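Student: next input, structure requested:
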Amino acid sequence: MPEAPDDPATPRKAHFGFKANPMDKLFISHGGLSSLCFDRNAFFDDAFDVDGFLSSHTQRGIPLDVLKDDLCTYRKIVQSALVQLVDREYADFVHLSSSLVGVDKGIEKLRLPVEGHLAHVEKCLSVLNGYIQTLDAKISRRAEIDTQKQQLRCLISAMECMETLVGVDRILQETTATRARLPLLYRISDLLVRIRTDEPTISQTTWYAGVKSQLSFMDATFMKILGGELLLAVQSGEARTVQSYCIVYQHLDRTANAHQVVADGAIKPALSAVIRDSQFKKASLEDLLSDVYAVVEERFYSLAYAKHVDFVLQSLWVSLVGLLTSEIQAYLAPDQADLFRRNYAAVKAFMNKFTSLFAAVQKNFAREFWRHPATSSFLDRWSFPVYYQVRFMEIAAPLEEAMGLPLRKSTESGSDGKFQLEISMITWNAILRCWSPDVCLPELVHRFWKLSLLLISRYTSWLDKLKIDGSSLVTLPEVLSDIAIFQKLILQLPSGYVRPVLESDGKDVAGILPVLSESLDESVKGLRNLEDCFVGRLAEQVAVELSGIIKAVQDAPRLYRRTNRDAPSAAAPYVDAAFEILTRKLGRDAGLSPDHLKNAYRVALHDVLTQFAALALDLLESVRRMEDSLKKLRKTRLVADAGLSDDDKIRLQLSHDVLRVQHWVTELGFSVDDFGAFASAKDRVLSEKPE
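Tutor: Just a heads-up that it's a prediction; the model follows:
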């Protein structure tokens, strides 16, 4: 039998894992419901099974006698709850039963009138449906009659137009004067439009089937005559007459036919003759385009005045692009970079002249020209990626080759200063070549900008790996000078070199230049970091050079021990000599900026003063040991002059040296406290200074 819950107040049902049922409140007054070992909701399940109920509870370890007792208790609780429910709701039961007396009779009285009304409504609906069907049939018939009337009107109109068209066409055939034919063409175009408007309505009639072939023939004849008249007007340069024929084409909604007629009949023959003649003479592309422009200006400029049909773009420019694309393939070879550049420059100049010629007549012509599909198609014929790859090899390969050669000094000068290293001059010339008018194309500005950044990065990487020692042909100050000049020059790239290229193509540089300057900051940052590194290396070199001079601090015992020299009154010469070399090599010779000079002094002073402090402390310790040894041997010899011993003279000399070093440190803009090792050594030296 399962253990009871630890807390006697815990419901037995909760112990067996049951959840409370909202209906338990009906049985709250009977108590014991929450302590049952089963969930009473199981009895309300439609699939309740006695065997399953008993099996599920016995598997959970509930004995049958406990289950039996709980079931009996639940039965008693249910019976008691039902009795209480009936007692509590008895008055309602009695009132309900009395209220229902006579309801059946009332319903029976209402049933017959309602059924009568229902039958009447159904009869009315049947009559209305009949009326609706009759009206629908009449409406359909009326619509059919209206359609037939409309078809008849259209047929009569088409027949009248056809009859008139035949007569006007006969007159047109007999008329030869252009001025007299123009009104007839207007009239014919109007008749054709009216017939074409009625065509969907009369297309199934017998009459239309009989005249369809005749109408098609007359339409073709009319378009042929109209095209011939348009060509004559174009070739004679009569702008007003051309405009009149354009109105006819627009009325017919056949402006595309007008484009094709002018292109095939007037433009292509003239331009093809010019191109063939130039190729026969083996003229350059620039000369060929010059001849083409002369023909366009002389013979087809009047096309710009046609307001209803765009002959300039849809006929002249489309034809010109087609001819140039098919005839000048030899001029598009990108592997010959210089020739490719000249040819493309000639084409761009021609296109600019072309837009300027017609922009004076047609508003917004330049914008429409550069957006036209023929323009995009023509420019796509030029293999800019291949041209860029050729230029890339021309620019980058010599630089890469130079970086593999031994380090050499430069013999050339930059635009804003003289480079000391040949590699610096080569790198800057490579960057300048990227933006040379003979190399850079406006369409490739983004690629040449990336190449410029790549060249700067390659130069920075090369400098980072540069090793300079005593056997090198160049010095660190020369390298630092080149880095400073190089930084100054590359900062001028966006405004001084890229801007003219962009402006030559008519681009708005206001939003582009800030982006270029921002992308350049990372390259400049790398050079500045490298500059700081070289400044540190220069300072370390100077510090190493001074280390041999600073060792002279240990010469004091040799000067004053057993020499009977006078007591020192000033610092030893090596102190001034060392700091003069320091200020000369880092200040005057290196040509560093104030910030870099300050940093170089700090690095060099740290190394020099640390070494000096160590040597001074070693000297004091050596003097102390020597003094202790002499005292033990009782051989201490006093000096009559000032009563100073040799060891006191050494300490006095060292104190003068330390104070002189402190003076130099202050002169260079630092405090002794900035160098901890020297500050500690100074305090000890001065504390042991003899009075």
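
Student: would you mark the buried spots in stretch 36-50?
Tutor: 36-38, 40 (16 or more other Cβ atoms under 10 Å). Yep, even glycine has a C-beta here, placed from its N, CA and C like the rest.

Student: which of those residues sit farthest apart?
Tutor: Cys37 and Arg40 (10.9 Å; Cβ to Cβ).

Student: in contact with the residue nearest the centre of the chain, which residues?
Tutor: The structure's the chain has its C-alpha centroid closest to Val515; by Cα atoms, centre = their mean the separation is 11.5 Å. Going by Cβ atoms under 8 Å, 6 or more residues apart in numbering, Val515 touches no other residue.

Student: coming back round to it: closest one to Val234 out of the buried residues of stretch 36-50, please.
Tutor: Nearest member of the buried residues of stretch 36-50 to Val234, counting by Cβ to Cβ, is Arg40, at 103.0 Å.

Student: give me the phi and psi for the residue nearest to the centre of the chain.
Tutor: Torsion angles at Val515 (phi, psi; degrees, to the nearest 10) stand at phi -70, psi -40.

Student: measure it to Asn599 for me?
Tutor: According to Cβ to Cβ, to the nearest Å, Val515 stands 32 Å off from Asn599.

Student: next: Gln554.
Tutor: For Gln554, the distance to Asn599 - Cβ to Cβ - is 30 Å.

Student: looking at those two, which one has more neighbours?
Tutor: With neighbours defined as other Cβ atoms under 10 Å, Gln554 and Asn599 compare such that Asn599 has more, 17 against 14.

Student: surely Leu491 touches Val524?
Tutor: Yes. Contact criterion Cβ atoms under 8 Å: Leu491 and Val524 qualify, at 6.8 Å.

Student: ok, which stretches of the stretch 1-150 of the chain are helices?
Tutor: 12-15, 50-59, 64-88, 90-99, 103-174 (DSSP state H, counting those that start in this stretch).

Student: with distance to Glu627 and mean pLDDT added, can I get those in a markdown table?
Tutor: Listed next are the helices of the stretch 1-150 of the chain as a markdown table, based on distance: least, Cβ to Cβ, whole Å; pLDDT from 0 to 100:
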| stretch | distance to Glu627 | mean pLDDT |
| --- | --- | --- |
| helix 12-15 | 96 | 37 |
| helix 50-59 | 103 | 82 |
| helix 64-88 | 107 | 82 |
| helix 90-99 | 125 | 72 |
| helix 103-174 | 137 | 84 |
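
Student: to Tyr574, which of those lies closest?
Tutor: That would be, of the helices of the stretch 1-150 of the chain and by Cβ to Cβ, helix 12-15, which comes in at 97.1 Å.

Student: for the protein, which element, helix or strand, carries the lowest mean pLDDT?
Tutor: Here the helix or strand of the chain ranked lowest by mean pLDDT, DSSP states H and E is helix 12-15, holding a mean of 37.

Student: quick revisit: deepest in the core, which of the helices of the stretch 1-150 of the chain is it.
Tutor: Mean neighbour count (mean count of other Cβ atoms under 10 Å) peaks for helix 12-15 among the helices of the stretch 1-150 of the chain, with a mean of 17.

Student: now do Phe369 against Val501, distance only.
Tutor: 22 Å.

Student: ok, Arg565 next?
Tutor: Taken as Cβ to Cβ, the span from Arg565 to Val501 is 76 Å.

Student: ok, Val66 next?
Tutor: Taking Cβ to Cβ, one finds Val66 at 99 Å from Val501.

Student: just Pro437 next, same as before
Tutor: Applying Cβ to Cβ to Pro437 and Val501 gives a distance of 8 Å.

Student: out of these two, which sits in the more crowded spot?
Tutor: Ranked by neighbour count (other Cβ under 10 Å), Pro437 and Val501 place Val501 first, with 21 against 11.

Student: pLDDT of the helix or strand where that one lies, averaged?
Tutor: In this assignment (DSSP states H and E), Val501 forms part of helix 499-504. For helix 499-504, mean pLDDT rounds to 87.

Student: now that helix - C-alpha only, CSV.
Tutor: Listed next in CSV are the C-alpha coordinates belonging to helix 499-504 (Å, rounded to 0.1, in the frame of the first residue of the first chain):
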residue,chain,number,x,y,z
ARG,A,499,38.8,64.9,-59.1
PRO,A,500,39.8,66.1,-62.6
VAL,A,501,39.1,62.6,-64.0
LEU,A,502,35.6,62.6,-62.5
GLU,A,503,34.8,66.1,-63.6
SER,A,504,35.9,65.4,-67.2
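
Student: below-threshold pLDDT in the stretch 551-691 of the chain: ranges please.
Tutor: Applying pLDDT under 70 to the stretch 551-691 of the chain flags the ranges 632-643, 691.

Student: got the residue ranges for the helices in it?
Tutor: 556-560, 573-583, 594-633, 646-667, 676-687.

Student: from Asp521, how far off is the residue nearest to the centre of the chain?
Tutor: Taking Cβ to Cβ, one finds Val515 at 11 Å from Asp521.

Student: so who does Ser424 touch?
Tutor: Ser424 neighbours (Cβ under 8 Å, 6+ apart): 410, 414, 459, 482, 485-486.

Student: so for it, what's the pLDDT?
Tutor: So Ser424 comes in at 91 (pLDDT).

Student: how far away is it from Arg408?
Tutor: Counting by Cβ to Cβ, the gap from Ser424 to Arg408 is 11 Å.

Student: now swap in Ser244 and tell me
Tutor: Using Cβ to Cβ, one gets 77 Å for the distance from Ser244 to Arg408.

Student: can you check Leu135 too?
Tutor: Counting by Cβ to Cβ, the gap from Leu135 to Arg408 is 108 Å.

Student: got it, and Gln260?
Tutor: 67 Å.

Student: and what of Phe48?
Tutor: Counting by Cβ to Cβ, the gap from Phe48 to Arg408 is 104 Å.

Student: now do Arg458
Tutor: 18 Å.

Student: in terms of neighbours, single out the busier of those two.
Tutor: When Arg458 and Arg408 are compared for neighbours, Arg458 comes out ahead with 16 against 12, by other Cβ under 10 Å.

Student: wouldn't that one be in contact with Ala397 here?
Tutor: No. Arg458 lies out of contact with Ala397 (Cβ under 8 Å); the separation is 12.0 Å.

Student: surely Phe378 meets Leu323?
Tutor: No. The pair Phe378 / Leu323 is not scored as a contact, 10.8 Å apart, by Cβ under 8 Å.

Student: what's the closest of the helices of the stretch 551-691 of the chain to Ser56?
Tutor: Per Cβ to Cβ, nearest to Ser56 of the helices of the stretch 551-691 of the chain: helix 676-687, 84.7 Å.

Student: so what's the gap between the closest one and the chain middle?
Tutor: 60 Å (Cα atoms, centre = their mean, to the nearest Å).

Student: for stretch 117-130, same thing?
Tutor: The chain centroid and the centroid of stretch 117-130 are separated by 74 Å under Cα atoms, centre = their mean.

Student: could I have it exported to CSV, CA atoms only?
Tutor: Extracted in CSV, the C-alpha atoms of stretch 117-130 (Å, rounded to 0.1, in the frame of the first residue of the first chain):
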residue,chain,number,x,y,z
HIS,A,117,-48.4,32.9,-44.9
LEU,A,118,-45.6,30.6,-45.9
ALA,A,119,-47.6,29.2,-48.8
HIS,A,120,-48.6,32.7,-50.0
VAL,A,121,-44.9,33.9,-49.9
GLU,A,122,-43.8,30.9,-52.0
LYS,A,123,-46.5,31.6,-54.6
CYS,A,124,-45.4,35.3,-54.8
LEU,A,125,-41.8,34.2,-55.3
SER,A,126,-42.8,31.8,-58.1
VAL,A,127,-44.6,34.7,-59.9
LEU,A,128,-41.7,37.1,-59.4
ASN,A,129,-39.2,34.5,-60.8
GLY,A,130,-41.4,34.3,-64.0
